[in-house]
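Asker: Okay, here's the prediction I keep looking at, along with the sequence it came from:
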Amino acid sequence: MGRVWITILVSMLLMSLPKKCISIPTSNFTDQSALLAFKDHITFDPQNMLAHNWSSKTSYCNWMGVSCSLRRQRVTALDLSSMGLLGTIPPQLGNLSFLQSLTLYNNSFHGDLPSEIGNLRRLQLMDIGSNKLSLVIPESFGNLHRLEGLRFDGNNLTGTIPSTIFNISSLKVLDLMFNDLFGSLPKNMCDHLPRLEMLLLSTNQLSGQIPSDLFKCRELQSLWLPYNNFTGVIPEELGFLPMLEVLNLGVNMLSGDLPRSIFNMTSLRTMQICCNNLSGSIPQENSIDLPNLEELQLNLNGLTGSMPRFLGNMSRLEILDLSSNKMTGNVLQEFGNLRALQVLSLQSNSFTNHPSSQTLNFITSLTNCRQLEELHIGGNPLDGMLPNSVGNLSSFLTKFYVYASKLKGNIPGEIGNLSNLIVLSLEENSLMGPIPTTVGGLRKIQVLYLHKNNLNGSIPSDICLARRLVDITLNNNVLSGEIPSCIGNLTSLRNLYLHFNILSSTIPMALWSLKDLLILNLHSNFLYGSLPSQVGEMEAAIGIRLSSNQLSGDGYSLKKEHCVTSIMELALQCVNESPGERMAMVEILARLKNIKAEFLRDSERRRP
């Protein structure tokens, strides 16, 4: 990837030298007219650069963004990138017959691409990425036989990719990402692309099968095809690309098994094939060799089988994501060998702990991964206890997810050593005992999920030392005692869930001072006392549930609060980030009818 742009940058540097060495006042009329036509098509120039600088009174070779050849004083490069320009690209640009580099990246050019650009036979680089161009790529661009870099990423281009583009034998970079292109790739697309190094087509509407012919692009280093509609199997021939460093086929509709050949690509640094319909298992052979792999993402597929042991031998691996598959077997102790590992995501599978151990010993092995930032192992039947060594995990750890994993035993106090933790998710397990006071050591934590366990004892006031808390979710436990009044000092708090416990105290007045609190759920406890007027002053709140306690005050207000909160909770179910966790519309309608009926019954009782 780097070699392509070094070549282009050197070419552009050489093209810029003549302008600095000599300035000739007489200009070629054709080039000047083309540039002035371009200027006339600019409708907004926020810095007035062209208005003040592009003047027929001076040589266009001295105009901003223009480079000329020394001998003929012809325009060889036009670079107006990131100037905030708004306008269209005129057909007269095709008259710059000596142009070698056209860079209009990161502006607001709209309209279509003039086919006359196909007349620029000397053009080597065309970068018009990050604009608002629409319509189709002209067939005439296939006439640019010296073109090395073609970048139209981040536009609104439609139609198919012209077959003529695949005949530009000099092409090294083809970047059409983030458009609305459709159609399939030619089966013989690499017959005339011997020098192609980067094929970047992600985030379009491309369909059909991935051509097995791609292996003929022998110099290909980056293959980016995610966020399209490709179907069929992954071609075995992809594994025969000797220089491939990045393979990204994620978020398509690919099916079948993972081809074994792609697991012996010694140059590969990134393999992303997430979010498809793949089946079968990851190859298990010990002879598999991926010495340079830094990122392996196979999540959100239908993969089965166990973790292959070669995963523990990839010394450069930084990201491993096997989440949301159907994989089984024990979590590898060998993960402790991955000293460069930053993200390990195994959640939502059927992985287990080694049956001979009551504690999750693989967590102890992970303490050797000193760069680890995220550990996602929730949604697996691990069936064990968190070891005390959890406190020895990487000091860089920010996210620790072990939800719904059949955890038992106590939460180790050593967990408070994870001083950079932002998210701690241990909900939906069988944890017991008290919440350790050491949670106060989690000074950066924002999300604390401990709900649906068997935790008992009181809520430690030390929790208030974690001043950045946004979400505290402790519901559905057997917590007792009082609600710490210091929670009112947590000004970042947005959601507080303490319902379905056995808390017995008054509600601290300090809670009502949390003006930015969105949800306060205290229902189904043994709270008592009267409700202050400040309850109605929490303007940001979208849900306050206090029912099923021993509180005094306007009972009808509580019923109204319960009605509104129930509706808001249903609304939150509708926008759940995970589609699989969203409530079905039939159930939502049924619950709305129940809420309405309950409220009407209470209203009838109030009538004299």
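Answerer: Here it is on my side, so go on. Numbering: from 1, shown residues only.

Asker: quick one, phi psi at Ser389?
Answerer: Dihedral angles of Ser389 (phi, psi; degrees, to the nearest 10) stand at phi -70, psi -10.

Asker: correct me, but it touches Asn368?
Answerer: No - checked against CB atoms under 8 Å, the pair Ser389 and Asn368 is beyond contact range at 10.7 Å. No exception for glycine: its C-beta is placed from N, CA and C like everyone else's.

Asker: can you count the residues close to Thr266?
Answerer: Using other CB atoms under 10 Å, the number of residues around Thr266 comes to 11.

Asker: mind listing what it touches?
Answerer: Neighbour list for Thr266: Asp289, Leu290, Pro291, Asn292 [criterion: CB atoms under 8 Å, 6 or more residues apart in numbering].

Asker: Mark which of those residues are buried, thanks.
Answerer: The neighbour count (16 or more other CB atoms under 10 Å) marks Leu290, Asn292 as buried among these.

Asker: Columns distance to Lys406 and pLDDT on top of the contacts of Thr266, output as TSV?
Answerer: Formatted as TSV, the contacts of Thr266 follow (distance: CB to CB, whole Å; pLDDT from 0 to 100):
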residue	distance to Lys406	pLDDT
Asp289	36	88
Leu290	32	94
Pro291	36	95
Asn292	37	97
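
Asker: among the contacts of Thr266, which two are most distant?
Answerer: Asp289 and Asn292 (9.7 Å; CB to CB).

Asker: before we move on, the earlier item: with respect to Asn325, which of the contacts of Thr266 is nearest?
Answerer: Nearest to Asn325 among the contacts of Thr266, with distances taken as CB to CB, is Leu290, at 18.9 Å.

Asker: mind listing what that closest one touches?
Answerer: Residues near Leu290 by CB under 8 Å, 6+ apart: Phe263, Asn264, Met265, Thr266, Leu268, Met271, Leu296, Phe310, Met314.

Asker: Are any of these buried, and if so which?
Answerer: Counted by 16+ other CB under 10 Å, the contacts of Leu290 give Phe263, Met265, Leu268, Met271, Leu296, Phe310, Met314 as buried.

Asker: Among those residues, which one sits closest to Asn156?
Answerer: Closest to Asn156, out of all of the buried ones among the contacts of Leu290 and judged by CB to CB, is Met271, at 30.5 Å.

Asker: Checking my notes, that closest one in a strand, right?
Answerer: Yes - using DSSP: H, G, I helix; E, B strand; the rest coil, the assignment for Met271 is a strand.

Asker: Verify the stated contact: it with Leu247.
Answerer: Yes - here Met271 reaches Leu247: they are 5.1 Å apart, a contact under CB under 8 Å.

Asker: returning to that earlier point: from the buried ones among the contacts of Leu290, which ones fall inside helices?
Answerer: Per DSSP state H, helices hold no members of the buried ones among the contacts of Leu290.

Asker: rewinding a little: any common contacting residues for Met271 and Leu247?
Answerer: Common neighbours of Met271 and Leu247 (CB under 8 Å, 6+ apart) are Ile262.

Asker: Can you read off the pLDDT for Leu311?
Answerer: Predicted confidence (pLDDT) for Leu311: 96.

Asker: please begin residue numbering at 57 from this point
Answerer: Okay, using 57 as the starting number, the last item reads as Leu367.

Asker: Next one: it from Leu373, what distance?
Answerer: Distance, Leu367 to Leu373, using CB to CB, to the nearest Å: 8 Å.

Asker: Give me the more crowded residue out of these two.
Answerer: Leu373 (25 against 20).

Asker: show me the contacts for that one.
Answerer: Per CB under 8 Å, 6+ apart, neighbours of Leu373: Leu349, Glu350, Glu351, Leu352, Leu367, Leu394, Ala396, Leu397.

Asker: how much space between it and Ser323?
Answerer: For Leu373 relative to Ser323 (CB to CB), the value is 15 Å.

Asker: cool, and Leu241?
Answerer: 23 Å.

Asker: what about those two, which has more around it?
Answerer: Neighbour count, other CB under 10 Å: between Leu241 and Ser323, Leu241 has more, with 23 against 15.

Asker: you'd agree that one is up against Ser268?
Answerer: No - in this structure Leu241 lies outside contact range of Ser268 using CB under 8 Å: 10.9 Å.

Asker: Report the mean confidence score over stretch 139-154.
Answerer: In the prediction, stretch 139-154 has an average pLDDT of 97.

Asker: And for stretch 543-563?
Answerer: For stretch 543-563, mean pLDDT rounds to 97.

Asker: List the buried residues for it?
Answerer: 543-544, 546, 549-557, 559, 561, 563.

Asker: if I've got this straight, Gln88 is in a strand?
Answerer: No - counting by three-state DSSP, Gln88 falls outside a strand, being helix.

Asker: Could you report the neighbour count for the closest residue to it other than its chain neighbours?
Answerer: Computed as CB to CB, 6 or more residues apart in numbering, the closest residue to Gln88 that is not its neighbour in sequence is Tyr116, at 5.1 Å. Look at Tyr116: counted by other CB under 10 Å, it has 20 neighbours.

Asker: So Tyr116 is in contact with Thr86, correct?
Answerer: No - here Tyr116 lies out of contact with Thr86, judged by CB under 8 Å, at a distance of 10.8 Å.

Asker: Surely Pro291 and Ile266 touch.
Answerer: Yes - counting by CB under 8 Å, Pro291 touches Ile266, with 5.8 Å between them.
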